[in-house]
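# sequence and predicted model, in that order:
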Amino acid sequence: MDKKELKKIVGDVRKQNSIFSDKSFLDNLAVPNSIIGRENESKKLVKFLLSYEKGLVVPLVSIYGRSGSGKSTIVQFVCKNLDVNFCYVNLRKAKTVFGCINLILSELGHENLKNAQGMNNAFVILEKLIIQMLDKSGNSLFVLCLDEFDTLFYDKRGKPSDFVYKLVVLVEKLRALKKHMCIITISNKVLSEFNLDDRVISRIGTSEIYFDSYSQSDVLKIIRNRAKKSFLEKIDDDVLQYCANISSEEHGDARRAIDLLRTSGEIAGIENKKISKKHIDEAVSQLQKNQITTIISGGSYHFRLACAALSRLTYVNDEGWHSTSELFKQYQKIVSSETRQISYRRFSEMLVELVNSGIAVSKTESKGRHGYGSQFKLTVDPDLIGHSCFTDWWTSVVESKKKKDDALRSVEALKSMSFGKRYSRFGNLYHNLGL
């Protein structure tokens, strides 16, 4: 790349952004100054947290609900506007349980620890940091927000339940020092779905808040508010309505709506046009492709094989739902002979990760006397998944499918011709007999 090419890139980006007045209002990671809706959920959270003023706060509050339902935004908004100290951590950035404690320590300004220093030592440091923070601020409550809480349980060897137990014990230690701590877990799943020990369950109680999906009208209100602050020109209401409709097809997802609005604005900016429904459609395709590429490129080799197995069965058989056993057999066929295969159980966990990433959905079906089994279905085009996993391999799958379809069409054509001839003979016979 030379200076001329760089200058062109700079010009394109500036042109892309020319449609915006303040793009920060379309940032999903930023906590807004005001919230639309969610009054009941906010009230419940405030009630749980402010109980410390009367001497007791619940050790753990479970926040759960569908993606894009405002869980993380509400938690951060409430905590920022109360007289409490809080630490927000997205556990998706960690791959192990020890990585989770390092994320927390890093957020509190401490350097990362090495595995050899041990989990117990990490909790001693965490306790000291919390006490120092509370003493310095003069507050009595420390709130630890653990977003993407389910990530913790991917690391089976790291004993995630033991990690949660240590956090709850820390809450009890601080309480003895007349200081309060509350753990807030944020996840798509209800807390009872996690494999927690009885000693943890008995200590944390059942303090939970469910976030239902946004209604279509709520999503529309949110993007109207954001669009008003973000763009130089007013966007037609039917375009915003269209954006809200698409974002609410499966469930009301405010995050997706904001992403669509931002991306369609960038596409319209390049064309130097006002945002239209056409730009929303283009944004849908672009975001889906970017999301799939990011998820798959960040996954392990076996994760990509699990994606490839589901994609091939869906594409070749023209069927939606597939059982775990079907997918595992497909995985065994495509895995490299030089690679050690993962177990059936680990493969099942990989399929759950596919669901968590949004690539697939699952359902449980009865198998009669054989009990119940899980079925999985892609939520996106298998061709997009296949190309993202293994481009050369997927090209051969597509060619093989084409040859098979061509052969089937030829057979059907021959059958049709053969049937036509037999019909013709019978027709002549009936004609000769005068029937």
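Yep, that arrived.

# how about the nearest residue to the residue nearest in space to the middle of the chain, chain neighbours excluded?
Note on the chain: the residue nearest the mean C-alpha position is residue 357, at 4.3 Å, using C-alpha atoms, centre = their mean. Nearest residue to residue 357 in three dimensions, chain neighbours excluded: residue 295, at 4.9 Å (C-beta to C-beta, 6 or more residues apart in numbering). From N, CA and C alone the C-beta is placed, and that goes for glycine too.

# now the strand or helix carrying the one you found: buried residues?
Applying DSSP states H and E as the criterion places residue 295 in helix 277-297. By neighbour count on 16 or more other C-beta atoms under 10 Å, the buried set for helix 277-297 is 279-280, 282-284, 286-287, 291-292, 295-296.

# how about stretch 301-312?
Under 16+ other C-beta under 10 Å, the buried positions of stretch 301-312 are 302-312.

# what's the closest of those to residue 49?
Nearest to residue 49 among the buried residues of stretch 301-312, counting by C-beta to C-beta, is residue 303 at 37.4 Å.

# leaving out sequence neighbours, find the closest residue to residue 18.
residue 269 (5.2 Å).

# which positions within the helix or strand containing the one you found qualify as buried?
Using DSSP H and E, residue 269 falls within helix 254-271. Neighbour-count burial for helix 254-271 flags 254-269 (criterion: 16+ other C-beta under 10 Å).

# the residue nearest to the centre of the chain reaches residue 292, doesn't it?
No - between residue 357 and residue 292 there is no contact under C-beta atoms under 8 Å: 9.2 Å.

# between the two, which contacts overlap?
Listed as contacting both residue 357 and residue 292 by C-beta atoms under 8 Å, 6 or more residues apart in numbering is no residue at all.

# list the helices and strands the one helix or strand residue 311 maps to packs on?
Here residue 311, judged by DSSP H and E, is contained in helix 301-317. Under the contact criterion of 3 or more C-beta pairs under 8 Å, 6 or more residues apart in numbering; DSSP states H and E, helix 301-317 touches helix 277-297, strand 322-323, helix 324-334, helix 344-357, strand 372-378, helix 382-389, helix 391-432.

# let's go with 7 Å and repeat that
helix 324-334, helix 344-357, strand 372-378, helix 382-389, helix 391-432 (3 or more C-beta pairs under 7 Å, 6 or more residues apart in numbering; DSSP states H and E).

# what pLDDT, on average, does the longest one get?
The average pLDDT for helix 391-432 rounds to 72.

# in the stretch 101-250 of the chain, which spans are strands?
141-147, 180-187, 208-211 (DSSP state E, counting those that start in this stretch).

# residue 129 is nearest to which of those?
Once those are compared by C-beta to C-beta, strand 141-147 is nearest, at 9.5 Å.

# how far away is the closest residue to residue 215 other than its chain neighbours from residue 66?
Spatial nearest neighbour of residue 215, chain neighbours left out: residue 252 (5.7 Å); criterion: C-beta to C-beta, 6+ apart. Using C-beta to C-beta, to the nearest Å, residue 252 is found at 8 Å from residue 66.

# now do the shared contacts for these two.
When contacts are counted by C-beta atoms under 7 Å, 6 or more residues apart in numbering, residue 252 and residue 66 have residue 213 as shared neighbours.

# between these two, who's got more neighbours?
Between residue 252 and residue 66, counted using other C-beta atoms under 10 Å, the more crowded position is residue 252 (24 against 15).

# residues in a beta bridge with that one, which ones?
residue 214 (DSSP bridges).

# on that earlier part again, for the helix holding residue 269, what is the average pLDDT?
Mean predicted confidence for helix 254-271 is 90.

# what's the angle from that helix to helix 277-297?
120 degrees (axes from the mean of the first three to the mean of the last three C-alpha atoms, to 10 degrees).

# got the contact list for the residue nearest to residue 215?
Here residue 252 is in contact with 213-216, 218-219 (C-beta under 7 Å, 6+ apart).

# now, of these, which are buried?
Using 16+ other C-beta under 10 Å, the buried members of those are 213-214, 216, 218-219.

# out of the residues you listed, who's nearest residue 170?
residue 213 (33.9 Å).

# the closest one reaches residue 70, doesn't it?
No - using C-beta atoms under 7 Å, residue 213 is not in contact with residue 70, being 9.7 Å away.

# any chance of JSON lines for the buried residues of stretch 301-312, columns distance to residue 345?
Output for those, formatted as JSON lines (distance: C-beta to C-beta, whole Å):
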{"residue": "302", "distance to residue 345": "13"}
{"residue": "303", "distance to residue 345": "15"}
{"residue": "304", "distance to residue 345": "19"}
{"residue": "305", "distance to residue 345": "16"}
{"residue": "306", "distance to residue 345": "13"}
{"residue": "307", "distance to residue 345": "18"}
{"residue": "308", "distance to residue 345": "20"}
{"residue": "309", "distance to residue 345": "16"}
{"residue": "310", "distance to residue 345": "18"}
{"residue": "311", "distance to residue 345": "22"}
{"residue": "312", "distance to residue 345": "22"}
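
# between these, which is nearest residue 375?
Closest approach to residue 375 among the buried residues of stretch 301-312 (C-beta to C-beta): residue 310, at 10.9 Å.

# residues in contact with that closest one?
Counted by C-beta under 7 Å, 6+ apart, residue 310 has contacts 322, 327, 354, 360, 376, 378.

# show me the beta-bridge partners of the fourth one.
For residue 360, the beta-bridge assignment (DSSP bridges) gives partners residue 378.

# how many residues are close by the residue lying closest to residue 51 once chain neighbours are set aside?
Leaving aside its chain neighbours, residue 51 sits nearest to residue 57 (5.2 Å; criterion: C-beta to C-beta, 6+ apart). Counted with other C-beta under 10 Å, the neighbours of residue 57 add up to 23.

# spell out the secondary structure type for residue 57.
coil (DSSP: H, G, I helix; E, B strand; the rest coil).

# so what's the residue count around the closest residue to residue 134 other than its chain neighbours?
Nearest residue to residue 134, sequence neighbours excluded (C-beta to C-beta, 6+ apart): residue 179, at 5.4 Å. Applying other C-beta under 10 Å, we find 18 other residues in the vicinity of residue 179.

# on that earlier part again, mind putting the buried ones among the contacts of residue 252 into a markdown table with distance to residue 243?
As requested, the buried ones among the contacts of residue 252 are arranged in a markdown table below (distance: C-beta to C-beta, whole Å):
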| residue | distance to residue 243 |
| --- | --- |
| 213 | 16 |
| 214 | 13 |
| 216 | 11 |
| 218 | 13 |
| 219 | 8 |
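
# closest to residue 149 among the residues you listed?
Checking those one by one against residue 149 (C-beta to C-beta), the nearest turns out to be residue 213, at 19.1 Å.

# identify the residues contacting the residue lying closest to residue 358 once chain neighbours are set aside.
Closest residue in space to residue 358, ignoring its immediate chain neighbours: residue 379 at 6.5 Å, by C-beta to C-beta, 6+ apart. Applying C-beta under 7 Å, 6+ apart, we find residue 379 in contact with 358-361.
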